[in-house]
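**Q** how would this look folded up:
(one chain, ligands or ions: 2)
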Amino acid sequence: MKILVTGGAGFIGSNFVRRTLQDAYPGLEGAEVVVLDALTYSGNLENLAGLESNPRYRFVKGDVCDGPLMERLVADADAVIHMAAESHVDRSILDSRPFIVANALGTQTVLDAARRKGKKGQRFVYVSTDEVYGSLPLENPDLKFTEDTPLAANSPYAASKAAGDLLARAYHHTFQMDVLTTRCSNNFGPYQFPEKVIPLFVTNLLEGQQVPLYGDGKNVRDWLHVDDHCEAVLTVLEKGRAGEVYNVGGNNERSNLELTHSILELTGSGNDKIKYVADRPGHDRRYAIDATKIERQLGWRPTRSAWPGALKQTIDWYRDNTEWWKRVKSGAYREYYARQYGA
Ligand code: NAD
Ligand code: TDX
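**A** Residues are numbered from 1 along each chain as shown. Ligands and ions are numbered 1, 2, ... in the order given. Next up, the predicted model:
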């Protein structure tokens, strides 16, 4: 089994690659993984450090918009896990163009390469997001996103992911490709780029700095441990039905204020460290996932996302891996590729 993982040097991708190569997931014991990643600001080869000597791992630096390269890579892949994306909402508000290029055009390029040159029998998993559904009101806590909730993307990031999501659907419908889509909630865990709220707040506090809380802090997210997410993607790859969409959630809704207070407590910081700042424009109020479908049909459920344990474990990881995030914050992580690959 050879798996091509686009975006494999990012947060979720690198956790996915480690998990696939190092933890014996039933059926994937001898699997080979090829990582294709452009190493944008959030791509960090230090996330994959130590795997270089593994004969079942190969890294290719490249862009998902490069059609000929993608055609070469899909030609002998049994599975394509397409995760490469511009992933940060705030950046998409500042400049949406790179999002449309990587997430819409890039996804079209990878799908088209797989359609033209993909290995016979290849499965294609598109890693989408719950943000394609838009926002839920705080007032009705019983409402959750199901796979049938209409797409109503609110940020340029979400719109670009929805474009990729609909292209994945279209390539299955039009060309009968074996395409599956996952839509998951907010991930947390090791190796997350410290622009996203959990690693940003934790590393700021470990450095004695304040944390910028947007608006009134009442926005709600459904937190999913990255290991649970990776296992869901592997489960969909193994057992999912072609053309289907699967929601993936942590059953773990928290307001940003609750989240912030938990992080303050777990890092031994005081309330004075909260700095209320202007709200994110168009800030989605609440995300909540109904994951009944993947639970009932494929037997997946989150087992590592429960708080406070999983949050504490994640904070401990950042405390124990100060070197990793200090190198990210200083920009030093960018030297790793040249050292390993000499370019
Ligand atoms: P990330 O920003 O940490 O990683 C993205 C990776 O994609 C990086 O390694 C980057 O170098 C690479 N990349 C970007 N543009 C590329 C291009 N044009 N060609 C090749 N590689 C490129 O993001 P993440 O949080 O790991 O997210 C991974 C995927 O999961 C994304 O598709 C994202 O939309 C989706 N997702 C993330 C979350 C979350 O909470 N982090 C939740 C739902 C869905
Ligand atoms: O400094 C901050 N202060 C703050 O209050 C940041 C960075 C965020 N926030 C709030 C905004 C959100 O309500 O925290 C919440 C989480 O923000 P992010 O970590 O930026 O995540 P979000 O915008 O919810 O999007 C994430 O989940 C869905 C990922 O970044 C996406 O890639 C994924 O698709």
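**Q** relative to Leu298, how far out is Gly240?
**A** As for Gly240, its distance to Leu298 is 6 Å (criterion: Cβ to Cβ, to the nearest Å). C-beta: built from backbone N, CA, C; applies to glycine.
**Q** show me whatever sits in contact with both of these two.
**A** Tyr246 (Cβ atoms under 8 Å, 6 or more residues apart in numbering).
**Q** neighbour count: the two, which is higher?
**A** Gly240 (24 against 17; other Cβ atoms under 10 Å).
**Q** tell me the phi and psi of the more buried one?
**A** With angles defined as degrees, to the nearest 10, Gly240 sits at phi -70, psi 160.
**Q** ok, it - contacts?
**A** The contact partners of Gly240, by Cβ under 8 Å, 6+ apart, come to Val125, Leu180, Tyr246, Leu298.
**Q** and Gln209, by the same measure?
**A** The neighbours of Gln209, taking Cβ under 8 Å, 6+ apart as the test, are Lys273.
**Q** cool, and Ser87?
**A** Applying Cβ under 8 Å, 6+ apart, we find Ser87 in contact with Gly10, Phe11, Ser42, Tyr157.
**Q** redo that, cut-off 10 Å
**A** Contacts for Ser87 (Cβ atoms under 10 Å, 6 or more residues apart in numbering) come out as 7, 10-12, 40, 42, 99, 102-103, 129, 157, 161, 187, 193, 195-196.
**Q** confirm Arg58 sits in a strand?
**A** Yes: assignment of Arg58 by DSSP: H, G, I helix; E, B strand; the rest coil places it within a strand.
**Q** what count of nearby residues applies to it?
**A** Arg58 has 16 neighbours, counted by other Cβ under 10 Å.
**Q** may I have the beta-bridge partners of it?
**A** The residues paired with Arg58 through beta bridges, assigned by DSSP bridges, are Val34.
**Q** now do it against ligand 1, distance only.
**A** For Arg58, the distance to ligand 1 (Cβ to the nearest ligand atom, to the nearest Å) stands at 15 Å.
**Q** ok, now Val127?
**A** From Val127 over to ligand 1 (counting by Cβ to the nearest ligand atom), the distance is 5 Å.
**Q** still on that earlier bit, Pro150: which of the contacts of Gly240 is nearest?
**A** Distance to Pro150 across the contacts of Gly240 (Cβ to Cβ) is lowest for Tyr246, with 17.2 Å.
**Q** residues in contact with Ser160?
**A** Here Ser160 is in contact with 85-86, 92, 96-107, 132, 153 (Cβ under 10 Å, 6+ apart).
**Q** Val211 now?
**A** Taking Cβ under 10 Å, 6+ apart as the criterion, Val211 is in contact with 197, 200-205, 260, 263-264, 267, 269, 273-275, 277.
**Q** now, which of those sits nearest His172?
**A** Closest approach between these and His172, by Cβ to Cβ: Val197, at 33.5 Å.
**Q** distance of the closest one from Leu151?
**A** Relative to Leu151, Val197 is positioned 24 Å away (Cβ to Cβ).
**Q** the more surrounded of those two?
**A** Legend: neighbour count by other Cβ under 10 Å for Val197 and Leu151, higher for Val197 (21 against 17).
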